[in-house]
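Peer 1: give me coordinates for this.
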Amino acid sequence: MNSNENNVKWFRSAAPYINAHRGKTFVLMFGGDAVEHANFANIIHDIALLRSLGVKLVLIHGARPQVEKRLKAQSITPQIEQNLRITDAETLLTVKDATGSLRIHIEALLTMGLVNSPMHGAQIRVSTGNFVIAKPIGVRDGIDFKHTGRVRRIDAEGIKTQLDFGSIVLLSPVGYSSTGEVFNLALEDVAAKTAIALKADKLIALTKQSGLLDQQGELIRSCGVATVTNLLNDQEDYVGQLLLQAIIQSAKQGVDRCHCVSYASDSALLQELFTRDGAGTLIAKDHHEQLSAANIDDVGGILELIAPLEEEGVLVKRSRELLEVEIDRFTVIKKEDVIIACAALYPYAEANTGEIACLVIHPDYRGGNRGIRLINALEQAAKRQKLSSIFVLTTVSAHWFIEQGYVEQAIENLPEGKQKMYNIQRKSKAFTKKI
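Peer 2: Below is the predicted model of the structure:
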């Protein structure tokens, strides 16, 4: 397959994501270091592409390195207390200069439209304004933080009006008070409060690293808020703490998806949004129901869950003894310690594939996304086992598996071990999916 065919295949595979993102609101945050990076021009191109695809965008930039450089050039010693910058009158002038210059620079990049460039024909309208209402931090432990503030309120209606007009809204890390004062704010505070106020569909953070990393320095592909909280407890860098706090706050207050992707990668942002595997870290709101690997104490609950389907002949009967032996193959969803859904993964290493079996959801909990959650968890488990595909045999759920990307295959294509166990009387259909 040549490169053109690969491009067409990728474009087709991106279609479901294009449809899903159209009309949605994304809040995109990036620090001043991202703006200075050589790849930022490509980020601007990707932002233009997102807007062209119907995504409503709010961009929030930081300016920490630019402020530091200006302070150093003017021989002004930064005043840091409790990990916060004290913004006196002289420092505030520097903050205004840095944020204003950056805002103009970003606006200029978004206005480009040269022929033969990715921005040609984009015609992007950028809107800025006094959308962030701030308040002073004030005096804390005897220290006056002066013009350092925090977000008091976001003018969500004003921002939504500009988004409905087709504009990209650009916000700086400064805010204004009802008394006409200007306050220096944290980028992360502005981003989190904006995403929450807009009820944004996504908060996306462009970071130096490829995403959130675990204690071994490995990229975390996806996780819940609880994992981010654990990372926060081990995070010593204050800027890193602010980022994690913003993600936790956003997720807990209504933002369904947060993403962390590298601003240094030419393709990370688009890969994260338009491919199944992504390129960074996806943080999803924690569900009240817990998805986890099954253990021996779950055998009774699983047997009770699957018994009605076994009696109907939808599932092959499993004895308690067999289930106890195979319990490590199962993943379950629990609500208040009651198992309401389960599924199992059986690897066939010799064929580099695996079988998803015994996918059951309690009748009272059908109609949600629990089946998809289980399938996604087992697909990730199969990837960790270096399997290249997974398959399923079903008599009643063919259409549902097709909707999840599975393709029907001949029974003769199943692993030899599975073919030997195939029950001809059941006439189950086989479906497979590459992962």
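Peer 1: pull the contacting residues for Ile124.
Peer 2: Counting by C-beta atoms under 8 Å, 6 or more residues apart in numbering, Ile124 touches Ala48, Arg51, Leu110, Thr111, Ile168. (C-beta placed from N, C-alpha, C; glycine too.)
Peer 1: sec struct for Gly54, please.
Peer 2: What DSSP: H, G, I helix; E, B strand; the rest coil gives for Gly54 is coil.
Peer 1: my guess is it meets Gly23, correct?
Peer 2: Yes. Look at Gly54 against Gly23 with C-beta atoms under 8 Å: they come within range, at 5.7 Å.
Peer 1: please identify the helix or strand for the spatially closest residue to Gly405 that is not a sequence neighbour.
Peer 2: Leaving aside its sequence neighbours, Gly405 sits nearest to Lys433 (C-beta to C-beta, 6 or more residues apart in numbering; 5.4 Å). Assigned by DSSP states H and E, Lys433 belongs to strand 429-434.
Peer 1: dump the C-alpha coordinates for that strand into PDB.
Peer 2: Extracted in PDB, the C-alpha atoms of strand 429-434 (Å, rounded to 0.1, in the frame of the first residue of the first chain):
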ATOM      1  CA  LYS A 429     -21.300 -16.400  14.100                       C
ATOM      2  CA  ALA A 430     -17.700 -15.300  14.400                       C
ATOM      3  CA  PHE A 431     -16.500 -11.700  14.300                       C
ATOM      4  CA  THR A 432     -12.900 -10.300  14.500                       C
ATOM      5  CA  LYS A 433     -11.200  -7.000  15.000                       C
ATOM      6  CA  LYS A 434      -7.600  -5.900  14.500                       C
END
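Peer 1: is it true that Val169 touches Thr128?
Peer 2: Yes. With contact defined as C-beta under 8 Å, Val169 counts as touching Thr128 (7.4 Å).
Peer 1: among those two, which residue is more densely surrounded?
Peer 2: Legend: neighbour count by other C-beta atoms under 10 Å for Val169 and Thr128, higher for Val169 (25 against 17).
Peer 1: residue contacts, the more buried one?
Peer 2: Per C-beta under 8 Å, 6+ apart, neighbours of Val169: Leu57, Val58, Leu59, Val126, Ser127, Thr128, Phe131, Ile159, Gln162, Leu163.
Peer 1: by neighbours, which of these wins?
Peer 2: Ranked by neighbour count (other C-beta under 10 Å), those have Val58 at the top, with 28 neighbours.
Peer 1: state the distance from that one to Leu50.
Peer 2: Noted for Val58: a distance of 12 Å to Leu50, by C-beta to C-beta, to the nearest Å.
Peer 1: can you check Val8 too?
Peer 2: In this view, Val8 and Leu50 are 21 Å apart by C-beta to C-beta.
Peer 1: which of these two has more neighbours?
Peer 2: The residue with more neighbours, out of Val8 and Leu50, is Leu50; 22 against 11, by other C-beta under 10 Å.
Peer 1: what comes up buried for the helix or strand where that one lies?
Peer 2: Following DSSP H and E, one finds Leu50 within helix 40-52. For helix 40-52, the neighbour count (16 or more other C-beta atoms under 10 Å) marks Phe40, Asn42, Ile43, Ile44, His45, Asp46, Ile47, Ala48, Leu49, Leu50, Arg51 as buried.
Peer 1: with stretch 16-32 instead?
Peer 2: Buried positions in stretch 16-32, judged by neighbour count with 16+ other C-beta under 10 Å: His21, Thr25, Phe26, Val27, Leu28, Met29, Phe30, Gly31, Gly32.
Peer 1: and it, how far apart are its ends?
Peer 2: With C-alpha to C-alpha, to the nearest Å as the measure, stretch 16-32 spans 33 Å from end to end.
Peer 1: what of stretch 152-167?
Peer 2: Start-to-end, stretch 152-167 (C-alpha to C-alpha) is 24 Å.
Peer 1: now stretch 404-419
Peer 2: By C-alpha to C-alpha, the extent of stretch 404-419 from end to end equals 24 Å.
Peer 1: give me the mean pLDDT for that stretch.
Peer 2: Stretch 404-419 carries an average pLDDT of 90.
Peer 1: just how off-centre is it within its chain?
Peer 2: In terms of C-alpha atoms, centre = their mean, to the nearest Å, the centre of stretch 404-419 is found 32 Å from the chain centre.
Peer 1: swap in stretch 157-167?
Peer 2: 24 Å.
Peer 1: ok, then the element right after the longest strand that the chain contains?
Peer 2: In the chain, with assignment by DSSP state E, the single longest strand is strand 338-348. As assigned by DSSP H and E, the chain's next helix or strand after strand 338-348 is strand 353-361.
Peer 1: contacts for that next one?
Peer 2: With C-beta under 8 Å, 6+ apart as the test, strand 353-361 has contacts from 305-306, 309, 315, 318, 330, 340-348, 370-371, 374-375, 378, 382, 385, 387-393, 397, 415, 418, 432.
Peer 1: mind checking which of those are buried?
Peer 2: Buried by 16+ other C-beta under 10 Å: 305-306, 315, 318, 330, 340-348, 370-371, 374-375, 378, 382, 387, 390-393, 397, 415, 418, 432, out of the contacts of strand 353-361.
Peer 1: extract the CA atoms of stretch 52-70 and return them as PDB.
Peer 2: Taking Å, rounded to 0.1, in the frame of the first residue of the first chain, the C-alpha atoms of stretch 52-70 are listed here in PDB:
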ATOM      1  CA  SER A  52     -12.700  24.100   9.800                       C
ATOM      2  CA  LEU A  53     -14.200  20.800  11.000                       C
ATOM      3  CA  GLY A  54     -16.800  22.600  13.100                       C
ATOM      4  CA  VAL A  55     -15.100  22.400  16.500                       C
ATOM      5  CA  LYS A  56     -15.700  25.400  18.800                       C
ATOM      6  CA  LEU A  57     -12.400  26.500  20.200                       C
ATOM      7  CA  VAL A  58     -11.300  28.500  23.200                       C
ATOM      8  CA  LEU A  59      -7.500  29.000  23.400                       C
ATOM      9  CA  ILE A  60      -5.800  29.900  26.700                       C
ATOM     10  CA  HIS A  61      -2.100  30.800  26.600                       C
ATOM     11  CA  GLY A  62       0.400  31.200  29.400                       C
ATOM     12  CA  ALA A  63       3.400  33.500  29.600                       C
ATOM     13  CA  ARG A  64       5.600  32.400  32.400                       C
ATOM     14  CA  PRO A  65       8.900  32.200  30.500                       C
ATOM     15  CA  GLN A  66       8.200  35.500  28.700                       C
ATOM     16  CA  VAL A  67       7.600  37.200  32.100                       C
ATOM     17  CA  GLU A  68      10.700  35.700  33.600                       C
ATOM     18  CA  LYS A  69      12.900  36.900  30.600                       C
ATOM     19  CA  ARG A  70      11.500  40.500  30.900                       C
END
